[in-house]
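Colleague: can you look at this prediction? I've put the sequence above it.
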Amino acid sequence: MKATTTRKIVRRKNVLGGKLVLCGDKRKKTGFYRNGYCTTGNNDTWTHVVCAIVTDKFLQFSKKRDNDLITPRNGFPGLVEGDKWCLCAYRWKEGPEN
């Protein structure tokens, strides 16, 4: 008997059922997999699934909770108000704008 393999094609969708689109820009790779998409998987403990346009208020809030997204380091350019970024669902929910 000949062994065969099949590949499951996963079509990722947004919460509205539409096509999942890139979050952010090419310089600032966001998402748990750093591919620009807010997708999750078994290893993503914090569920990085919310694409948000960050405000300075949110960035300061996040920094106070030991998640400094402002300071450039290790090839990460840092975020500024107006940038798009994949956030953890719990952090987005507790954020100052929500």
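Modeller: Done, it's in.

Colleague: in the longest helix seen in the chain, what counts as buried?
Modeller: Criterion DSSP state H: the longest helix present in the chain is helix 56-64. Under the neighbour-count criterion of 16 or more other CB atoms under 10 Å, helix 56-64 has 58-59, 61-62 buried. Where you see a C-beta, it was placed from the backbone N, CA and C, and this is true even at glycine.

Colleague: contacting residues around it?
Modeller: For helix 56-64, contacts defined as CB atoms under 8 Å, 6 or more residues apart in numbering pick out 52, 68-70, 79-81, 91, 95-97.

Colleague: among the residues you listed, who's most crowded?
Modeller: Among the contacts of helix 56-64, Leu79 has the most neighbours (other CB atoms under 10 Å), with 22 neighbours.

Colleague: now stretch 32-40: buried residues?
Modeller: Neighbour-count burial for stretch 32-40 flags 32-33, 36-40 (criterion: 16+ other CB under 10 Å).

Colleague: where do the helices of the protein begin and end?
Modeller: So, for the chain - with DSSP H - the helices run 56-64, 89-94.

Colleague: helices and strands of the protein: which one bottoms out on pLDDT?
Modeller: The helix or strand of the chain with the poorest confidence is helix 89-94; it has a mean of 86 (mean pLDDT, DSSP states H and E).

Colleague: just want the most central residue of the chain.
Modeller: Centrality entry for the chain: nearest residue to the mean C-alpha point is Cys86, 2.0 Å, by CA atoms, centre = their mean.
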